[in-house]
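**Q** Task: produce atomic coordinates for the following.
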Amino acid sequence: MADTISLDLRRRIVDAYRNGLTETYEATAEMFGVGVATVSRLLRRKRETGDVLPKKARRGPAAAGGPGVARGARARQSRRTVSGPDRCVAAAQRQSGEYRRNVESAGPDRLDA
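**A** Numbers count the residues shown, from 1 in each chain. Next up, the predicted model:
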């Protein structure tokens, strides 16, 4: 995902198109160095809401690890946690790189044990 466009730039893009400085979405996009879809999205948002403020960040089940979470994130959440004295051993192994070598050589059947 690209960087967030500043509010000032959003408003300048919309004003340029609405005031006739540019005639097409393509010309507007080229003038400001953004994509045509960005221009279209900003003009639609201005038309529908009256402003070009970005949408609020999504909160909910996906952010908390629900069905919308990527597989990699879900896998990281489901890893076994190490507690007690084994925590120190695991931390030392991670620092030395030994942990990664042990996991890679263990194979799937040994990881479940």
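
**Q** got any ranges where the protein has weak pLDDT?
**A** 1-2, 61-94, 96-113 (pLDDT under 70).

**Q** Please, where are all the helices along it?
**A** For the chain, helices defined by DSSP state H occupy the ranges 7-18, 25-32, 36-49, 71-78, 85-96, 98-111.

**Q** quick one: buried residues of the third one?
**A** In this case it means helix 36-49. 38-39, 42-43, 45-46 (16 or more other CB atoms under 10 Å). Glycine gets a C-beta too; all of them are placed from N, C-alpha and C.

**Q** ditto for the second one
**A** Along helix 25-32, these residues count as buried under the neighbour rule (16+ other CB under 10 Å): 25, 28-29, 32.

**Q** ok, those residues vs Gln95, which is closest?
**A** Nearest to Gln95 among these is Phe32, at 47.2 Å by CB to CB.

**Q** mind listing what that closest one touches?
**A** Going by CB atoms under 8 Å, 6 or more residues apart in numbering, Phe32 touches 9, 12-13, 16, 39.

**Q** May I see these arranged in JSON lines, with distance to Pro54 as well?
**A** What follows is those, written out as JSON lines (distance: CB to CB, whole Å):
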{"residue": "Leu9", "distance to Pro54": "12"}
{"residue": "Arg12", "distance to Pro54": "15"}
{"residue": "Ile13", "distance to Pro54": "13"}
{"residue": "Ala16", "distance to Pro54": "19"}
{"residue": "Val39", "distance to Pro54": "15"}
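
**Q** From the residues you listed, pick the one nearest Ala57.
**A** Nearest to Ala57 among the contacts of Phe32: Leu9, at 19.5 Å, using CB to CB.

**Q** and that closest one, how many neighbours does it have?
**A** If you count neighbours by other CB atoms under 10 Å, Leu9 ends up with 16.

**Q** do Thr4 as well
**A** Thr4: 9 neighbours (other CB under 10 Å).

**Q** what's the distance between it and Thr22?
**A** Counting by CB to CB, to the nearest Å, the gap from Thr4 to Thr22 is 22 Å.
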